[in-house]
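> using only what follows, build the 3D model:
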Amino acid sequence: MALRVPASTSPTALLALAAMLRVPAWACLLCFTTSSERLRICRMFAGVEGPKLEECEEAFTAAFGGLSDTEINYEERSHLHDAFTQMTHSLQELAAAQGSFKVAFPDAAEKMKKVIMQLKEVQACIPPCGLQEVARRFRCGGCYSKVCDLPLDCPVQDVTVTRGDQAMFSCVVKFQLPKEEITYSWKFAGGGLRTQDQSYFRDLPRAEGHLARIRPAQPTHRGTFSCVIEHDQRPLARLYFFLNVTGPPPRGETELQVTFREVLRWGPRDAELVEPWRPSLGELLARPDALTPSNLFLLAAVAALASASATLMAWMFFRWYVSAN
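Sure, this is the predicted structure:
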(Lines give C-alpha, C1' and ligand atoms only; values in the text may rest on other atoms or scores of the structure.)
Protein backbone atom coordinates (compact mmCIF):
# COMPACT_ATOMS: atom_id res chain seq x y z
CA MET A 1 0.00 0.00 0.00
CA ALA A 2 1.43 3.34 -0.97
CA LEU A 3 2.04 6.02 1.57
CA ARG A 4 -0.74 8.62 1.25
CA VAL A 5 0.41 12.16 2.01
CA PRO A 6 -1.89 15.20 1.89
CA ALA A 7 -1.09 17.63 -0.90
CA SER A 8 -0.67 20.45 1.62
CA THR A 9 2.18 18.72 3.45
CA SER A 10 5.40 20.78 3.31
CA PRO A 11 8.60 19.42 1.61
CA THR A 12 10.41 19.59 4.95
CA ALA A 13 7.77 17.41 6.59
CA LEU A 14 7.94 15.00 3.67
CA LEU A 15 11.71 14.72 4.04
CA ALA A 16 11.40 13.97 7.73
CA LEU A 17 8.63 11.44 7.15
CA ALA A 18 10.59 9.71 4.38
CA ALA A 19 13.66 9.49 6.60
CA MET A 20 11.66 7.96 9.48
CA LEU A 21 9.95 5.39 7.27
CA ARG A 22 13.11 4.67 5.27
CA VAL A 23 11.70 5.51 1.83
CA PRO A 24 14.89 6.38 -0.12
CA ALA A 25 13.23 5.99 -3.53
CA TRP A 26 11.50 9.34 -3.06
CA ALA A 27 14.79 11.17 -2.57
CA CYS A 28 15.29 12.91 -5.93
CA LEU A 29 11.57 13.49 -6.38
CA LEU A 30 11.39 15.16 -2.96
CA CYS A 31 14.35 17.38 -3.81
CA PHE A 32 13.17 18.67 -7.18
CA THR A 33 9.37 18.27 -7.24
CA THR A 34 6.60 19.19 -4.80
CA SER A 35 4.01 16.87 -3.28
CA SER A 36 1.23 18.78 -5.02
CA GLU A 37 2.89 18.30 -8.42
CA ARG A 38 3.24 14.57 -7.90
CA LEU A 39 -0.32 14.16 -6.64
CA ARG A 40 -1.71 16.23 -9.52
CA ILE A 41 0.09 14.02 -12.06
CA CYS A 42 -1.30 10.81 -10.55
CA ARG A 43 -4.81 12.25 -10.35
CA MET A 44 -4.59 13.14 -14.04
CA PHE A 45 -3.51 9.56 -14.83
CA ALA A 46 -5.73 7.60 -12.41
CA GLY A 47 -8.50 9.81 -11.10
CA VAL A 48 -9.06 11.75 -7.91
CA GLU A 49 -9.10 8.75 -5.58
CA GLY A 50 -9.37 5.00 -5.41
CA PRO A 51 -7.11 1.95 -5.77
CA LYS A 52 -5.77 3.07 -9.13
CA LEU A 53 -4.52 6.32 -7.60
CA GLU A 54 -2.62 4.35 -4.98
CA GLU A 55 -1.18 2.13 -7.72
CA CYS A 56 -0.04 5.23 -9.61
CA GLU A 57 1.74 6.60 -6.55
CA GLU A 58 3.51 3.27 -5.99
CA ALA A 59 4.59 3.16 -9.64
CA PHE A 60 5.86 6.75 -9.45
CA THR A 61 7.98 5.88 -6.40
CA ALA A 62 9.32 2.64 -7.86
CA ALA A 63 10.29 4.22 -11.20
CA PHE A 64 12.65 6.69 -9.57
CA GLY A 65 14.12 4.28 -7.02
CA GLY A 66 17.39 4.16 -8.96
CA LEU A 67 17.98 7.88 -8.30
CA SER A 68 17.73 7.63 -4.51
CA ASP A 69 21.50 7.89 -3.89
CA THR A 70 22.32 10.22 -6.76
CA GLU A 71 25.13 12.69 -6.09
CA ILE A 72 25.75 15.66 -8.40
CA ASN A 73 28.03 18.66 -8.66
CA TYR A 74 26.59 21.38 -6.42
CA GLU A 75 26.68 23.92 -9.25
CA GLU A 76 24.40 21.69 -11.35
CA ARG A 77 21.41 21.87 -8.98
CA SER A 78 19.54 24.42 -11.08
CA HIS A 79 20.02 22.36 -14.25
CA LEU A 80 18.63 19.24 -12.59
CA HIS A 81 15.74 21.21 -11.14
CA ASP A 82 14.88 22.53 -14.61
CA ALA A 83 15.01 18.98 -15.97
CA PHE A 84 12.56 17.75 -13.32
CA THR A 85 10.25 20.69 -14.03
CA GLN A 86 10.24 19.80 -17.72
CA MET A 87 9.60 16.16 -16.79
CA THR A 88 6.48 17.05 -14.77
CA HIS A 89 5.10 19.06 -17.70
CA SER A 90 5.70 16.14 -20.07
CA LEU A 91 3.94 13.72 -17.70
CA GLN A 92 0.94 16.02 -17.44
CA GLU A 93 0.73 16.16 -21.23
CA LEU A 94 0.85 12.35 -21.42
CA ALA A 95 -1.84 12.06 -18.77
CA ALA A 96 -4.04 14.52 -20.65
CA ALA A 97 -3.54 12.40 -23.79
CA GLN A 98 -4.83 9.32 -21.90
CA GLY A 99 -1.39 7.72 -21.70
CA SER A 100 -0.42 4.95 -19.30
CA PHE A 101 1.54 5.84 -16.16
CA LYS A 102 2.99 2.31 -16.18
CA VAL A 103 4.88 3.29 -19.32
CA ALA A 104 5.30 7.02 -18.70
CA PHE A 105 7.03 6.80 -15.30
CA PRO A 106 9.84 4.36 -16.25
CA ASP A 107 10.48 6.35 -19.46
CA ALA A 108 10.67 9.60 -17.49
CA ALA A 109 13.09 8.02 -14.98
CA GLU A 110 15.37 6.79 -17.77
CA LYS A 111 15.45 10.26 -19.32
CA MET A 112 16.37 11.78 -15.95
CA LYS A 113 19.23 9.29 -15.57
CA LYS A 114 20.58 10.39 -18.97
CA VAL A 115 20.29 14.05 -17.95
CA ILE A 116 22.23 13.37 -14.75
CA MET A 117 24.97 11.54 -16.66
CA GLN A 118 25.46 14.65 -18.84
CA LEU A 119 25.89 16.99 -15.88
CA LYS A 120 29.31 18.23 -14.85
CA GLU A 121 31.01 15.59 -12.73
CA VAL A 122 31.61 15.95 -9.02
CA GLN A 123 35.22 16.99 -8.42
CA ALA A 124 37.23 14.75 -6.16
CA CYS A 125 38.47 15.99 -2.80
CA ILE A 126 42.22 16.63 -2.76
CA PRO A 127 43.85 15.75 0.57
CA PRO A 128 45.16 16.56 3.04
CA CYS A 129 43.39 19.79 3.99
CA GLY A 130 41.27 22.77 3.06
CA LEU A 131 37.68 23.89 2.55
CA GLN A 132 37.26 22.92 -1.12
CA GLU A 133 34.16 24.61 -2.46
CA VAL A 134 34.90 23.37 -6.00
CA ALA A 135 34.36 19.82 -4.70
CA ARG A 136 31.01 20.55 -3.01
CA ARG A 137 28.36 18.04 -4.00
CA PHE A 138 24.56 17.74 -3.68
CA ARG A 139 23.06 14.45 -2.50
CA CYS A 140 19.54 13.44 -3.50
CA GLY A 141 19.42 11.06 -0.55
CA GLY A 142 18.54 13.73 1.99
CA CYS A 143 18.49 16.81 -0.27
CA TYR A 144 21.60 18.39 1.24
CA SER A 145 25.04 19.53 0.14
CA LYS A 146 28.39 18.62 1.65
CA VAL A 147 32.04 19.50 1.19
CA CYS A 148 35.14 17.42 1.68
CA ASP A 149 35.57 16.10 5.20
CA LEU A 150 39.05 17.57 5.53
CA PRO A 151 40.56 19.83 8.23
CA LEU A 152 41.40 23.48 7.64
CA ASP A 153 44.88 22.97 9.12
CA CYS A 154 47.44 21.51 6.73
CA PRO A 155 50.38 19.43 8.02
CA VAL A 156 53.47 21.36 9.13
CA GLN A 157 56.13 21.63 6.42
CA ASP A 158 59.80 21.66 7.44
CA VAL A 159 62.05 24.37 5.99
CA THR A 160 65.77 24.27 6.83
CA VAL A 161 68.18 27.05 5.83
CA THR A 162 71.74 27.97 6.72
CA ARG A 163 72.23 31.00 8.88
CA GLY A 164 72.52 34.13 6.73
CA ASP A 165 70.73 32.59 3.75
CA GLN A 166 67.25 33.36 2.51
CA ALA A 167 64.15 31.45 3.66
CA MET A 168 61.11 31.51 1.39
CA PHE A 169 57.58 30.27 2.08
CA SER A 170 55.01 29.52 -0.63
CA CYS A 171 51.38 29.57 0.52
CA VAL A 172 49.96 27.33 -2.21
CA VAL A 173 47.38 24.53 -2.04
CA LYS A 174 46.71 21.72 -4.51
CA PHE A 175 42.99 22.40 -4.94
CA GLN A 176 41.47 25.17 -7.05
CA LEU A 177 40.81 28.48 -5.30
CA PRO A 178 38.13 31.02 -6.26
CA LYS A 179 39.40 33.55 -8.78
CA GLU A 180 38.40 36.66 -6.80
CA GLU A 181 38.52 38.01 -3.24
CA ILE A 182 41.40 35.79 -2.13
CA THR A 183 43.57 37.19 0.68
CA TYR A 184 46.65 35.87 2.49
CA SER A 185 47.67 36.66 6.07
CA TRP A 186 50.85 35.51 7.82
CA LYS A 187 51.58 34.76 11.48
CA PHE A 188 54.58 33.62 13.50
CA ALA A 189 55.09 31.50 16.62
CA GLY A 190 58.68 32.08 17.75
CA GLY A 191 61.00 30.60 20.31
CA GLY A 192 61.68 27.49 18.24
CA LEU A 193 58.09 26.33 18.75
CA ARG A 194 56.59 23.79 16.34
CA THR A 195 52.83 24.14 16.70
CA GLN A 196 49.45 24.58 15.05
CA ASP A 197 47.85 26.12 18.12
CA GLN A 198 46.59 29.55 17.03
CA SER A 199 47.01 31.00 20.53
CA TYR A 200 50.82 30.99 20.08
CA PHE A 201 50.81 32.99 16.84
CA ARG A 202 51.01 36.73 16.31
CA ASP A 203 50.42 38.68 13.12
CA LEU A 204 53.16 39.64 10.64
CA PRO A 205 51.66 42.78 9.06
CA ARG A 206 54.45 43.29 6.52
CA ALA A 207 53.90 39.91 4.87
CA GLU A 208 51.35 39.87 2.08
CA GLY A 209 50.53 37.69 -0.90
CA HIS A 210 51.14 33.98 -1.31
CA LEU A 211 54.95 34.30 -1.18
CA ALA A 212 57.03 35.63 1.72
CA ARG A 213 60.69 35.44 2.65
CA ILE A 214 63.23 36.14 5.37
CA ARG A 215 66.72 37.39 4.59
CA PRO A 216 69.10 36.87 6.18
CA ALA A 217 67.73 34.04 8.29
CA GLN A 218 68.92 34.08 11.90
CA PRO A 219 68.47 31.73 14.90
CA THR A 220 65.77 34.05 16.31
CA HIS A 221 63.65 33.23 13.28
CA ARG A 222 63.43 29.57 14.30
CA GLY A 223 59.77 28.70 14.84
CA THR A 224 56.50 28.13 13.00
CA PHE A 225 55.15 30.44 10.32
CA SER A 226 51.48 30.21 9.38
CA CYS A 227 49.67 31.41 6.26
CA VAL A 228 45.87 31.69 6.22
CA ILE A 229 44.09 31.68 2.85
CA GLU A 230 40.70 33.40 2.96
CA HIS A 231 37.91 33.95 0.45
CA ASP A 232 35.56 36.80 1.27
CA GLN A 233 36.83 36.67 4.90
CA ARG A 234 36.12 32.93 5.14
CA PRO A 235 39.15 30.69 5.87
CA LEU A 236 39.83 28.10 3.19
CA ALA A 237 43.11 26.65 4.50
CA ARG A 238 45.87 27.24 7.06
CA LEU A 239 49.41 26.29 6.05
CA TYR A 240 52.32 25.90 8.47
CA PHE A 241 56.09 26.10 7.93
CA PHE A 242 58.56 25.20 10.65
CA LEU A 243 61.79 27.10 10.01
CA ASN A 244 65.01 25.61 11.34
CA VAL A 245 68.12 27.81 10.98
CA THR A 246 71.41 25.90 11.10
CA GLY A 247 75.08 26.80 10.96
CA PRO A 248 77.63 28.54 13.23
CA PRO A 249 77.80 32.33 13.72
CA PRO A 250 79.99 34.35 11.33
CA ARG A 251 83.76 34.04 11.85
CA GLY A 252 85.17 36.43 14.44
CA GLU A 253 81.85 36.99 16.13
CA THR A 254 81.95 36.32 19.88
CA GLU A 255 79.24 34.63 21.86
CA LEU A 256 78.50 37.91 23.66
CA GLN A 257 77.98 39.70 20.31
CA VAL A 258 75.63 36.95 19.14
CA THR A 259 73.58 37.16 22.33
CA PHE A 260 73.43 40.97 22.21
CA ARG A 261 72.30 40.93 18.57
CA GLU A 262 69.57 38.37 19.27
CA VAL A 263 68.30 40.42 22.23
CA LEU A 264 68.05 43.48 20.01
CA ARG A 265 66.16 41.54 17.36
CA TRP A 266 63.67 40.09 19.82
CA GLY A 267 60.44 41.91 20.57
CA PRO A 268 58.40 44.20 18.33
CA ARG A 269 60.93 43.92 15.49
CA ASP A 270 60.02 40.24 15.11
CA ALA A 271 56.70 41.34 13.69
CA GLU A 272 58.66 42.67 10.72
CA LEU A 273 60.93 39.69 10.11
CA VAL A 274 58.96 38.50 7.07
CA GLU A 275 58.96 40.71 4.01
CA PRO A 276 56.83 40.50 0.88
CA TRP A 277 58.44 38.75 -2.07
CA ARG A 278 59.55 41.35 -4.59
CA PRO A 279 61.24 39.31 -7.33
CA SER A 280 64.14 40.56 -9.39
CA LEU A 281 64.01 40.59 -13.20
CA GLY A 282 65.94 37.31 -13.30
CA GLU A 283 63.51 35.64 -10.88
CA LEU A 284 60.55 36.83 -12.92
CA LEU A 285 62.03 35.54 -16.18
CA ALA A 286 62.73 32.17 -14.53
CA ARG A 287 59.01 31.60 -13.91
CA PRO A 288 57.35 29.27 -16.47
CA ASP A 289 54.56 31.76 -17.20
CA ALA A 290 56.88 34.73 -17.69
CA LEU A 291 57.65 34.51 -21.42
CA THR A 292 54.16 35.21 -22.72
CA PRO A 293 53.75 36.98 -26.10
CA SER A 294 52.87 40.27 -24.39
CA ASN A 295 55.90 40.05 -22.08
CA LEU A 296 58.20 39.20 -25.01
CA PHE A 297 56.88 42.20 -26.93
CA LEU A 298 57.45 44.43 -23.89
CA LEU A 299 61.02 43.15 -23.47
CA ALA A 300 61.71 43.74 -27.17
CA ALA A 301 60.35 47.26 -26.91
CA VAL A 302 62.52 48.01 -23.87
CA ALA A 303 65.60 46.58 -25.61
CA ALA A 304 64.90 48.66 -28.72
CA LEU A 305 64.45 51.80 -26.64
CA ALA A 306 67.69 51.16 -24.77
CA SER A 307 69.55 50.58 -28.04
CA ALA A 308 68.16 53.77 -29.56
CA SER A 309 69.08 55.77 -26.45
CA ALA A 310 72.65 54.43 -26.53
CA THR A 311 72.97 55.28 -30.25
CA LEU A 312 71.66 58.79 -29.69
CA MET A 313 74.08 59.39 -26.80
CA ALA A 314 77.01 58.13 -28.89
CA TRP A 315 76.03 60.37 -31.83
CA MET A 316 75.71 63.45 -29.57
CA PHE A 317 79.10 62.72 -28.00
CA PHE A 318 80.66 62.35 -31.48
CA ARG A 319 79.26 65.73 -32.65
CA TRP A 320 80.46 67.42 -29.49
CA TYR A 321 83.92 65.90 -29.91
CA VAL A 322 84.15 66.98 -33.60
CA SER A 323 82.92 70.51 -32.92
CA ALA A 324 85.37 70.92 -30.03
CA ASN A 325 88.32 70.04 -32.28
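> how confident was the prediction at Arg4?
On pLDDT, Arg4 comes in at 41.
> where in the stretch 51-200 of the chain is pLDDT low?
Scanning the stretch 51-200 of the chain for pLDDT under 70 picks out 68.
> go on, the stretch 201-325 of the chain?
250-297, 299, 321, 324-325.
> redo that, cut-off 50
Where the stretch 201-325 of the chain drops to pLDDT under 50, the residues are 254, 256, 260, 263-264, 266-272, 286, 288.
> go through stretch 232-240 and flag the buried ones.
236-240 (16 or more other C-beta atoms under 10 Å). No exception for glycine: its C-beta is placed from N, CA and C like everyone else's.
> ok, residues contacting stretch 231-242?
Stretch 231-242 has contacts (C-beta atoms under 8 Å, 6 or more residues apart in numbering) with 129-133, 152-159, 169, 171, 173, 177-178, 181-183, 194, 196, 223-230.
> of those residues, buried ones?
Here, 16+ other C-beta under 10 Å leaves 129-133, 153-154, 156, 159, 169, 171, 173, 177, 196, 223-229 buried among those.
> which ones among these are found in strands?
Per DSSP state E, strands hold the following members of the buried ones among the contacts of stretch 231-242: 153-154, 156, 159, 169, 223-229.
> now Gly192, nearest residue through space, not along the chain?
Arg222 (4.6 Å; C-beta to C-beta, 6 or more residues apart in numbering).
> in JSON lines, list the ones in strands among the buried ones among the contacts of stretch 231-242 along with distance to His79.
Formatted as JSON lines, these follow (distance: C-beta to C-beta, whole Å):
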{"residue": "Asp153", "distance to His79": "35"}
{"residue": "Cys154", "distance to His79": "33"}
{"residue": "Val156", "distance to His79": "41"}
{"residue": "Val159", "distance to His79": "45"}
{"residue": "Phe169", "distance to His79": "41"}
{"residue": "Gly223", "distance to His79": "49"}
{"residue": "Thr224", "distance to His79": "45"}
{"residue": "Phe225", "distance to His79": "43"}
{"residue": "Ser226", "distance to His79": "40"}
{"residue": "Cys227", "distance to His79": "36"}
{"residue": "Val228", "distance to His79": "34"}
{"residue": "Ile229", "distance to His79": "30"}
